[in-house]
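**Student:** model this:
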Amino acid sequence: MAISKKELEFNKNEDLIKLKISTLQKELEKVYLGGGQKRIDKLHLQGKLTARERIDLLLDPGAERIEIGALAGNDMYKEYGGCPSGGVVVVIGYVSGKQCIVVANDATVKAGAWFPITGKKNLRAQEIAMENNLPIIYLVDSAGVFLPMQDEIFPDKEHFGRIFRNNAIMSSRGILQIAAVMGSCVAGGAYLPIMSDESLIVNKTGTIFLAGSYLVKAAIGETIDNETLGGALTHTEISGVCDYKSENDQECLKTIRDLMDKVGNPENAGFDRKKAIQPKLKAKQLYGILPSERNKTYDTKELLRCLVDGSEFTEYKADYGKSIICAYARIDGWAVGIVANQREIVKNGKGEMQFGGVIYTDSADKSARFIMNCNQKNIPLVFLQDVSGFMVGSKSEHAGIIKDGAKMVNAMANSVVPKFTVVVGNSYGAGNYAMCGKAYDPRLMLAWPTAEIAVMSGASAAKTLLQIEVASLKSKGETITQEKEDELYNSIKDRYDKQTNPYYAASRLWIDAIIDPVDTRKYISMGISAASHKKAEKPYNVGVIQT
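**Tutor:** Here you go, the predicted structure:
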């Protein structure tokens, strides 16, 4: 039987995304080794577990978990040997049946020292805890600030000191914090255990002090070893800094599980959930839907049928503003409101062609109203981004694209229901903002391996920058051959394409994770489950909107 053109296209799309997923898996495998096998072996000889081994023992076996920022620090700090996963592992999972976020220093990466990205990742973990009233467990094993980069991690508002400010704020809000000192805990970092609600320390391997033995000797002339200065016996029998002493990592983690077992149930934000139903279309159908070429179209509704329960959704204003789909559905049983860009070529009411991925006045107006409705009904919002930006030109300007775009941004930015964003394809310019980009506080910001995040596409940016470069060279009297122009264009485009790559975004924590598309349901479900721990702090109010 002959294969149809549609089937050939599907197979081509599927092959490309599977290749991207294979690349993602290989990158993650490298990350999971932290500082490398030799350093892992050294840690084991010290009687210690790695950060990931500790988390595996702590979390409930077989329960759902998601990792945040696994690719943080990717391809950064090469002059210092790199910083895999930012030197810290952050996972949302379940401990004794209670959902929580776990932050574990990776001592195989520069002894767990804090690079700038380490600080940013720790602050992101605390932000998630505060947004969702989620208990946070710190597994501490860190040499402190990475001194060669101290100016980029120590003094500013969003630097190292913000961690302890957040400790205090979370405590005042009743957000449970448990700290286990399972290795070094030095200098400013020594405040973290005592600023947590309860603290544990492992005998012989855990130490806490403001200054180690060498610095003490240099500063005041006192000769003392680190264990006597700040070991488990000192801090459980003399100083009272820690509440529990454990003989090894395993006992320490078991004690945390015992503590979490007694924690009371959290409040419920009232999001509606029913028994989950798998989509009628298999999740891996997603692989063949998204075009291998970014200038080709596809029907976003096919993606939705692979993501939502029973492949069923109720579309809002289906025949109006067709470049954005707004729909009510369920994901893993949770009621959600979906706002998704449509890259398919559609017609508006006047029969004129519109190219999807662009936000028009009518789609912006529709989206704003839908977002307001979801807030009115206490329904979490899910944004699926494949957006090129807002429509430009005299026709759109005269129709009030700025006004309607502002209305959409206003409605979205003021949302009190939790928002979750998945970058499926393009995420360009103001479209990134309107579709709940990182600046607008999505509870989770995720991307498929097919994502691109930038002001504009690499090709468009290269053409714009090339015109500026050529004009500058000509003004200096230089002659530009076509060959030279092509060379300049390719150089600019290559540089820009690297920055639009999702790995570039993930390494800088502009996104929380690059995920296999089939894991989208799991991430969103875990995110809503976390968000359900906290009711909205204020009623929904969008302020002043021009209509």
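
**Student:** Where does the prediction get shaky in the stretch 251-400 of the chain?
**Tutor:** Across the stretch 251-400 of the chain, the ranges flagged by pLDDT under 70 are 345-356.

**Student:** Could you identify the helix or strand that succeeds the helix or strand of the chain with the lowest mean pLDDT?
**Tutor:** Every helix and strand in the chain was compared by mean pLDDT, DSSP states H and E; the lowest is strand 353-354, with a mean of 52. Per DSSP states H and E, strand 353-354 leads on to strand 358-359 as the next helix or strand towards the C-terminus.

**Student:** partners of that following strand in the sheet?
**Tutor:** Note on strand 358-359: by DSSP bridges, its sheet partners are strand 389-390 (parallel).

**Student:** Just give me how far the helix or strand following the strand it pairs with sits from the chain centre.
**Tutor:** Next along the chain after strand 389-390, taking DSSP H and E as the criterion, comes helix 394-399. For helix 394-399, the separation from the chain centroid amounts to 36 Å (computed by C-alpha atoms, centre = their mean, to the nearest Å).

**Student:** after helix 394-399 comes which helix or strand?
**Tutor:** Per DSSP H and E, the first helix or strand lying C-terminal to helix 394-399 is helix 401-413.

**Student:** Pull out the buried positions in that following helix.
**Tutor:** Buried residues in helix 401-413, counted by 16 or more other C-beta atoms under 10 Å: Ile401, Asp404, Gly405, Ala406, Lys407, Met408, Val409, Asn410, Ala411, Met412, Ala413. Where C-beta positions appear, they are placed from N, C-alpha and C, glycine not excepted.

**Student:** Contacts made by it with the rest, please.
**Tutor:** Counting by C-beta atoms under 8 Å, 6 or more residues apart in numbering, helix 401-413 makes contact with 359-362, 364-365, 367-369, 371-372, 381, 390-392, 419, 430, 433-434, 436, 440, 542-543, 545-547, all of which sit outside it.

**Student:** now these: which count as buried?
**Tutor:** By neighbour count, with 16+ other C-beta under 10 Å, those hold 359-362, 364-365, 367-369, 371-372, 381, 390-391, 419, 430, 433-434, 436, 440, 542 as buried.

**Student:** can you pull out the strands in the stretch 1-150 of the chain?
**Tutor:** In the stretch 1-150 of the chain, the segments counted as strands under DSSP state E, counting those that start in this stretch are 66-68, 88-95, 98-105, 136-142.

**Student:** Dump those to TSV, plus mean pLDDT.
**Tutor:** Listed next are the strands of the stretch 1-150 of the chain as TSV, based on pLDDT from 0 to 100:
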stretch	mean pLDDT
strand 66-68	98
strand 88-95	98
strand 98-105	98
strand 136-142	96
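
**Student:** Need the winner for burial among those strands.
**Tutor:** strand 136-142 (a mean of 27; mean count of other C-beta atoms under 10 Å).

**Student:** Against which helices or strands is the helix or strand that that strand is followed by packed?
**Tutor:** Sequence order places helix 161-172 as the next helix or strand after strand 136-142, per DSSP H and E. In terms of contacts (3 or more C-beta pairs under 8 Å, 6 or more residues apart in numbering; DSSP states H and E), helix 161-172 is packed against helix 116-132, strand 177-186, helix 191-195.

**Student:** could I get the buried residues of helix 401-413 as a markdown table with distance to Ala187 and pLDDT?
**Tutor:** Formatted as a markdown table, the buried residues of helix 401-413 follow (distance: C-beta to C-beta, whole Å; pLDDT from 0 to 100):
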| residue | distance to Ala187 | pLDDT |
| --- | --- | --- |
| Ile401 | 53 | 85 |
| Asp404 | 52 | 86 |
| Gly405 | 48 | 89 |
| Ala406 | 47 | 91 |
| Lys407 | 49 | 93 |
| Met408 | 46 | 95 |
| Val409 | 42 | 95 |
| Asn410 | 44 | 95 |
| Ala411 | 45 | 95 |
| Met412 | 41 | 97 |
| Ala413 | 38 | 96 |
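
**Student:** Which of those residues sits closest to Glu29?
**Tutor:** Nearest to Glu29 among those, counting by C-beta to C-beta, is Met412 at 36.6 Å.

**Student:** ok, so what distance separates the closest one from Thr361?
**Tutor:** Between Met412 and Thr361 the computed distance is 16 Å (C-beta to C-beta, to the nearest Å).

**Student:** In helices, which of the buried ones among the contacts of helix 401-413 appear?
**Tutor:** Counting by DSSP state H, the part of the buried ones among the contacts of helix 401-413 found in helices is Thr361, Asp362, Ala364, Asp365, Ser367, Ala368, Arg369, Ile371, Met372, Ala430, Tyr433, Ala434.

**Student:** ok, the residues you listed vs Glu227, which is closest?
**Tutor:** For those, the nearest to Glu227 is Tyr433 (52.9 Å; C-beta to C-beta).

**Student:** Now do the same for the residue lying farthest from the centre of the chain: its pLDDT.
**Tutor:** Centroid-distance maximum for the chain: Gly477 at 48.1 Å, with C-alpha atoms, centre = their mean. Note for Gly477: predicted pLDDT of 80.

**Student:** sorry, back to before: got the strands of the stretch 1-150 of the chain as CSV, with distance to Cys326 columns?
**Tutor:** Shown next, in CSV, are the strands of the stretch 1-150 of the chain (distance: least, C-beta to C-beta, whole Å):
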stretch, distance to Cys326
strand 66-68, 26
strand 88-95, 28
strand 98-105, 29
strand 136-142, 34
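
**Student:** Go through these and name the closest to Gly174.
**Tutor:** That would be strand 136-142 among the strands of the stretch 1-150 of the chain, by C-beta to C-beta, at 12.5 Å.

**Student:** Report the contact partners of Leu28.
**Tutor:** Ala70, Leu71.

**Student:** what pLDDT does it get?
**Tutor:** pLDDT at Leu28 comes out at 97.

**Student:** Tell me how far it lies from Pro84.
**Tutor:** 10 Å.

**Student:** just to revisit the earlier point, who wins for proximity to Phe271 among the helices and strands packed on helix 161-172?
**Tutor:** Relative to Phe271, the nearest member of the helices and strands packed on helix 161-172 by C-beta to C-beta is helix 116-132, separated by 12.0 Å.

**Student:** ok, which pair from the buried residues of helix 401-413 is furthest apart?
**Tutor:** Taking C-beta to C-beta, no two of those sit farther apart than Ile401 and Ala413, at 17.8 Å.
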